[in-house]
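>>> sequence first, then the predicted structure:
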Amino acid sequence: MLDVKDLKVEFLSRPGRMAVDGVSFHMDAGEILGLVGESGSGKSVTARALSGLLVKSIVNYSGSITLNGREMLDTDRESIRDLQGTALAVVFQEPMTALDPVMKIGPQVEEALRVHHPEIPAEEMRERALSAMRQADLYDVEQLYEKYPHTLSGGMLQRVCIAAALISEPSLLIADEPTTALDVTTQAHIIELLKKINKEQGTAILFISHNLQVVHALCHRIIVMQKGKIVENGTTDQIYENPKHPYTKQLLAAIPRRDKRY
């Protein structure tokens with residue numbers, strides 16, 4: 001479904017320093033893949049490249065990104081827009097900044113439909129938004145439809161963002177550290193929600209995080225990035241139980257354990 005070959009990204013403000021340096025990997029339909037690394041490892045820049053959000057005026061990039069047989073990286077803006085919000089959708093780290101504070105929740109969930117399917121009648125669009133909100137485990141959705149973002153908790157806002165991503169039934173959902181700004185209990189609820197979406201709808205998920213413990217709870221495979229390069233990849237059990245690279249071992253050693261003294 002997704003094939004990334006020799007992806008390289010260099011910010012023009014930092015010439016000679018590759019934010020992403022020769023990254024190659026693939027994803028199968030319906031798979032949950034974890035992309036792990038510390039801040040500055042290149043994982044979020046990789047996600048922006050995959051989602052068509054790199055701005056040519058500030059970066060140099062090369063390589064190939066193919067989604068469902070269509071090239072994403074070096075194509076015209078209109079073709080990328082056709083894929084954004086339809087074949088792929090993105091959930092970002094900070095739901096409050098991802099949502100418009102002066103727009104009601106319902107119209108924000110509907111936005112991808114309005115952009116890509118303006119012919120859909122308003123009532124049908126509303127019903128599809130309510131359905132997507134229920135799929136995202138939101139409740140009292142008719143009342144929630146009329147509310148503004150500042151009235152909701154962080155966990156509910158993240159569910160709203162997930163509903164907005166799901167409304168067009170994308171084949172790939174890119175979740176860029178969607179649990180980082182949430183408390184531990186809410187993180188667990190979001191992880192269970194993503195599992196449910198993957199199981200019931202078959203949506204492939206690229207889950208980006210610095211937290212191997214969270215990734216272990218969700219993903220089928222894991223890719224570990226350091227300084228713009230992939231240093232290790234394998235199944236979740238392989239990475240967790242028998243890491244090969246020293247950096248992966250450091251990430252695992254940083255996970256708090258009950259049987260470990262600090």
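It's in.
>>> separation between D183 and N242?
The spacing between D183 and N242, counted by CB to CB, to the nearest Å, is 32 Å. Backbone N, C-alpha and C define where each C-beta goes, glycine included.
>>> who's more crowded, those two?
A side-by-side neighbour count of D183 and N242, using other CB atoms under 10 Å, places D183 first with 12 against 9.
>>> tell me the pLDDT of the more buried one.
Per-residue confidence (pLDDT) for D183: 86.
>>> before we move on, what about the one 3 residues further on?
pLDDT, the model's per-residue confidence, is 88 for T186.
>>> R81 now?
Value listed for R81 in the pLDDT field: 81.
>>> again with L67
On the pLDDT scale, L67 is placed at 90.
>>> surely it and H26 touch.
No: in terms of CB atoms under 8 Å, L67 does not count as a neighbour of H26; the distance is 11.0 Å.
>>> for the two, list the residues in contact with both.
L2 (CB atoms under 8 Å, 6 or more residues apart in numbering).
>>> all helices of the stretch 151-262 of the chain, in order?
Residue ranges of the helices in the stretch 151-262 of the chain, as given by DSSP state H, counting those that start in this stretch, are 154-166, 184-201, 212-218, 236-241, 246-253.
>>> oh sorry, the question was meant for the stretch 1-150 of the chain
Along the stretch 1-150 of the chain, counting by DSSP H, counting those that start in this stretch, helices occupy 43-50, 77-83, 95-98, 105-109, 111-116, 122-135, 141-144.
>>> make TSV from those and add mean neighbour count and distance to R159 to it.
Converted to TSV, these look like this (neighbours: other CB atoms under 10 Å; distance: least, CB to CB, whole Å):
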stretch	mean neighbour count	distance to R159
helix 43-50	23	20
helix 77-83	13	24
helix 95-98	17	9
helix 105-109	23	10
helix 111-116	16	16
helix 122-135	16	8
helix 141-144	14	10
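>>> just send these back as TSV, with distance to A163 too.
Shown next, in TSV, are the helices of the stretch 1-150 of the chain (distance: least, CB to CB, whole Å):
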stretch	distance to A163
helix 43-50	20
helix 77-83	20
helix 95-98	11
helix 105-109	5
helix 111-116	11
helix 122-135	4
helix 141-144	9
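>>> buried deepest among the helices of the stretch 151-262 of the chain, which one?
With neighbours defined as mean count of other CB atoms under 10 Å, the helices of the stretch 151-262 of the chain peak in mean count at helix 154-166, which reaches a mean of 24.
>>> other residues contacting that one?
By CB under 8 Å, 6+ apart, the surrounding residues in contact with helix 154-166 are 89-92, 95-96, 98-99, 105, 108-109, 111-112, 129, 132-133, 135-138, 144, 149, 152, 173, 178-179, 181-183, 186, 189-190, 193-194, 197, 201, 203.
>>> at 6 Å what do you get?
The set of residues that contact helix 154-166 without belonging to it, under CB atoms under 6 Å, 6 or more residues apart in numbering, is 89, 91, 95, 98, 105, 109, 132-133, 135-136, 138, 149, 173, 178, 182, 186.
>>> worst average pLDDT in the helices of the stretch 1-150 of the chain?
Lowest mean pLDDT within the helices of the stretch 1-150 of the chain: helix 77-83, at a mean of 80.
>>> rewinding a little: of all the helices of the stretch 151-262 of the chain, which one is nearest L2?
Nearest to L2 among these is helix 184-201; the distance by CB to CB comes to 14.7 Å.
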